[in-house]
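Visitor: got a sequence here, can you build the structure:
(chains A and B)
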Protein chains: 2
Amino acid sequence: MDNPVTRVAYPEPVMACRTVFFVSDQTGVTSETLGRSLLTQFEDHEFKQITVPFIDSIDKATEVVGQINAVARSEGVRPIIFSTLVQDELRAPFANASGLFLDFFATFLVPLELELQVKPSRTVGRAHGLTDIYAYDKRIDATNYALNYDDGGRVGDYDKADIILVGVSRSGKTPTCLYLAMSYGVFAANYPLAEDELEDGRLPEVIAPFRDKLFGLTIQPARLRQIRKERRPTGRYASTQQVRFELRAAEAMFRRYQIPFVDTTHVSVEEIASTILNSTGIERRVRP
Amino acid sequence: MDNPVTRVAYPEPVMACRTVFFVSDQTGVTSETLGRSLLTQFEDHEFKQITVPFIDSIDKATEVVGQINAVARSEGVRPIIFSTLVQDELRAPFANASGLFLDFFATFLVPLELELQVKPSRTVGRAHGLTDIYAYDKRIDATNYALNYDDGGRVGDYDKADIILVGVSRSGKTPTCLYLAMSYGVFAANYPLAEDELEDGRLPEVIAPFRDKLFGLTIQPARLRQIRKERRPTGRYASTQQVRFELRAAEAMFRRYQIPFVDTTHVSVEEIASTILNSTGIERRVRP
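Guide: Below is the predicted model of the structure:
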């Protein structure tokens, strides 16, 4: 057994806290995404996160550096700076800031330039800007499509669909369709399985001609009850019996018609979307 | 004048093409975001992009490396590999692949570890997984909110809204609300300005009590006509006169009531969202 005196002598571990700046000459989306993926590797730290987008002048850069230095002084530890700044003159002030400067562009642009044997354009903010109007329109078209074909809103005309998600109410179809549209420009419709269709067990007539495009979503009964209860606290909709019947019938239908399906209980919308694209081979029209 | 003979002697420049792999032990979203932000700096190159998510075993890694080496042989140039693989044993095979290996985690995790004085967890796929159920539920709640309060679908109960986007039909309200919800967990409603409200010129009664939450979207007439024509090719809806009247009236209303607004013509949804968050100071509940 440990010596209790020794144990008492150590203070309780205090959750360490650090301020993080995401700096960018554009939206800050790339900086946030990259920074966040690194920060999640340090679970025991708390991070106070500040995004500073649209840094487009040396004055603005100098102002933000002043803010970073002030945080360093007041907190006694230097902040972490995730940067996707492209232009050298805007990056320079940050390299001398009182912070750990993690510079995504400078780090990888040089080896890429050497490999491709061509100078990068060093143009500000190309990643999430409106540089490729074709790709952008595709995303918006796909988003409008997802909204129009949500929840079986329009049925019977799924020719344009890349994929049709099928499942019971609140199994995750709508957010997944929207994410597929906004991130990848994929045209995703969804069709909710109604009670009579589940009782019948046959593939509903409106989706039957599009069997190759169907992908099923299922979810564990306890989680579905929880989600449905938030929507309608009382009644059959969220009852154990109803939820179990619907899910069992839906999964039986998926198996009967060899519709691939995924359990959404413990996975995020990003993971569902990636799983669908990976297993169907549907082409991404754009990338996030 | 140039010598025509000399000009003919040079062959037309051929668009260089390179295959790019985004490899990940999870969704591949971070890897794609990183890669895309760098690739957009090389405009004259074409990139054939392949995402390989869910690499969770040495066998799988070795298989993908085989695929990369085959591409290198058949194309005569080595592919570029953007990796967000976290675990050393899965990364190792790629380091020896016939490709330019750009290793996001190895590059940035070490300086972060030294700075924070703590070992990273090296856990697979934390960035876009369901690790923070609170944050995840917020995003889904916000997405459902955006859908319910889209296009003035429900009005008069905007207490929960962080922001209410106001503008004429097809000015970009819906995609922006959805993006704010899915990426940042921000509760965004939107209210379309109807013709009689625009003629009247006064702030509509249902949104007047929430003036602090209003943010306007406008767009240039030519672009709006183009967008509306795709929806309804004929009729007043997309006519020059109608579009001009609506936009002029909407902007006059924004000015009269000091509602901040942004022109969405040349900017992406990400840029509109970033601009709104940056200028209002609305807190991001989650980050992409």
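Visitor: strands of the stretch 1-150 of chain A, start to end?
Guide: Applying DSSP state E, counting those that start in this stretch to the stretch 1-150 of chain A gives strands spanning A:16-23, A:45-52, A:80-83, A:100-103.
Visitor: hey, what's residue A:80 bridged with?
Guide: residue A:20, residue A:100 (DSSP bridges).
Visitor: relative to residue A:21, how far out is it?
Guide: 7 Å (Cβ to Cβ, to the nearest Å). (C-beta placed from N, C-alpha, C; glycine too.)
Visitor: need the overlap of contacts for those two.
Guide: By the contact definition Cβ atoms under 8 Å, 6 or more residues apart in numbering or on different chains, residue A:80 and residue A:21 are jointly contacted by residue A:99.
Visitor: any chance of the strands of the stretch 1-150 of chain A in CSV, plus mean pLDDT and mean neighbour count?
Guide: Putting these into CSV (pLDDT from 0 to 100; neighbours: other Cβ atoms under 10 Å in any protein chain shown) gives the following:
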stretch, mean pLDDT, mean neighbour count
strand A:16-23, 92, 21
strand A:45-52, 92, 17
strand A:80-83, 97, 26
strand A:100-103, 96, 20
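Visitor: wait, which of those is closest to residue A:160?
Guide: Among the strands of the stretch 1-150 of chain A, the nearest to residue A:160 by Cβ to Cβ is strand A:45-52 (36.1 Å).
Visitor: ok now stretch A:71-83, how far from the chain's centre?
Guide: Distance, stretch centre to chain centre, for stretch A:71-83: 28 Å (Cα atoms, centre = their mean, to the nearest Å).
Visitor: now the end-to-end length of that stretch.
Guide: 17 Å (Cα to Cα, to the nearest Å).
Visitor: domain map for chain A?
Guide: Domain assignment for chain A, taken from automatic domain parsing, gives A:4-116, A:133-280.
Visitor: mean pLDDT lowest where, among the ones you listed?
Guide: Ranked by mean pLDDT, the domains of chain A bottom out at domain A:4-116, with a mean of 88.
Visitor: and the gap between residue A:44 and chain B?
Guide: 7 Å (Cβ to the nearest Cβ, to the nearest Å).
Visitor: now that residue: phi and psi?
Guide: For residue A:44, the backbone dihedrals are phi -90, psi 0 (criterion: degrees, to the nearest 10).
Visitor: what count of nearby residues applies to it?
Guide: For residue A:44, the count of nearby residues is 11 (other Cβ atoms under 10 Å in any protein chain shown).
Visitor: thought it was touching residue B:117?
Guide: No. Residue A:44 lies out of contact with residue B:117 (Cβ atoms under 8 Å); the separation is 11.4 Å.
Visitor: mind listing what's buried along stretch A:92-105?
Guide: By neighbour count with 16 or more other Cβ atoms under 10 Å in any protein chain shown, stretch A:92-105 contains the buried residues A:93-94, A:97-105.
Visitor: just put these in TSV and tack on distance to residue B:265.
Guide: Converted to TSV, the buried residues of stretch A:92-105 look like this (distance: Cβ to Cβ, whole Å):
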residue	distance to residue B:265
A:93	32
A:94	32
A:97	35
A:98	40
A:99	36
A:100	39
A:101	35
A:102	34
A:103	32
A:104	29
A:105	28
